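> make a model of this:
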Amino acid sequence: MRQFIDKIKHWAKEIKRQLYVLFLVSQHKDVPIYVKALAITVVAYALSPIDLIPDFIPFLGFLDDIILLPLGIVMVFRLISPSILEECKNQAANHNKKLPKNWIAGGVILVIWVTVLILLINKFSTL
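I've put the predicted structure just below:
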């Protein structure tokens, strides 16, 4: 059981490091704007205090953390040149900075949920 917990801790630490790499990618001058936008979206979603799928929903609540974040990270990594990725990874390795919670991204997620809720209420009220 202890090995499993250690693996999860290592995985979480690696995700945090990769998110910092994405942050650096979004700041890099040679990265195309659409890749920067995707990198910022992934980082903002990861730092958002509100999830698209709330964590209190059994199993589904953790799918975004287990699937969406790694998928977003891999997508951005594949869209940039290996030399820029390596440069950003080296830069991240030399810094031990933490990224703060992103309340703006949390607000966007909240607006999405409210919009979906309103649409569902309207849909079922007309039936």
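> residues near residue 110, how many?
14 (other CB atoms under 10 Å). (Each C-beta comes from the backbone N, C-alpha and C, glycine too.)
> before we move on, what about the one 3 residues further on?
When neighbours are defined as other CB under 10 Å, residue 113 has 15 of them.
> which neighbouring elements make contact with the host helix or strand of it?
According to DSSP states H and E, residue 113 maps onto helix 103-125. Counting contacts by 3 or more CB pairs under 8 Å, 6 or more residues apart in numbering; DSSP states H and E, helix 103-125 packs against helix 33-47.
> and the strand or helix carrying residue 83, what's its mean pLDDT?
Element membership for residue 83, per DSSP H and E: helix 82-93. Per-residue pLDDT over helix 82-93 has a mean of 92.
> what does that helix contact?
17, 20-21, 24-25, 28, 30-31, 77 (CB atoms under 8 Å, 6 or more residues apart in numbering).
> try stretch 66-76
With CB under 8 Å, 6+ apart, stretch 66-76 has contacts from 15, 18-19, 22, 25, 35, 38-39, 41-42, 45-46, 52.
> let's see that with 6 Å instead.
18, 22, 38-39, 42, 46 (CB atoms under 6 Å, 6 or more residues apart in numbering).
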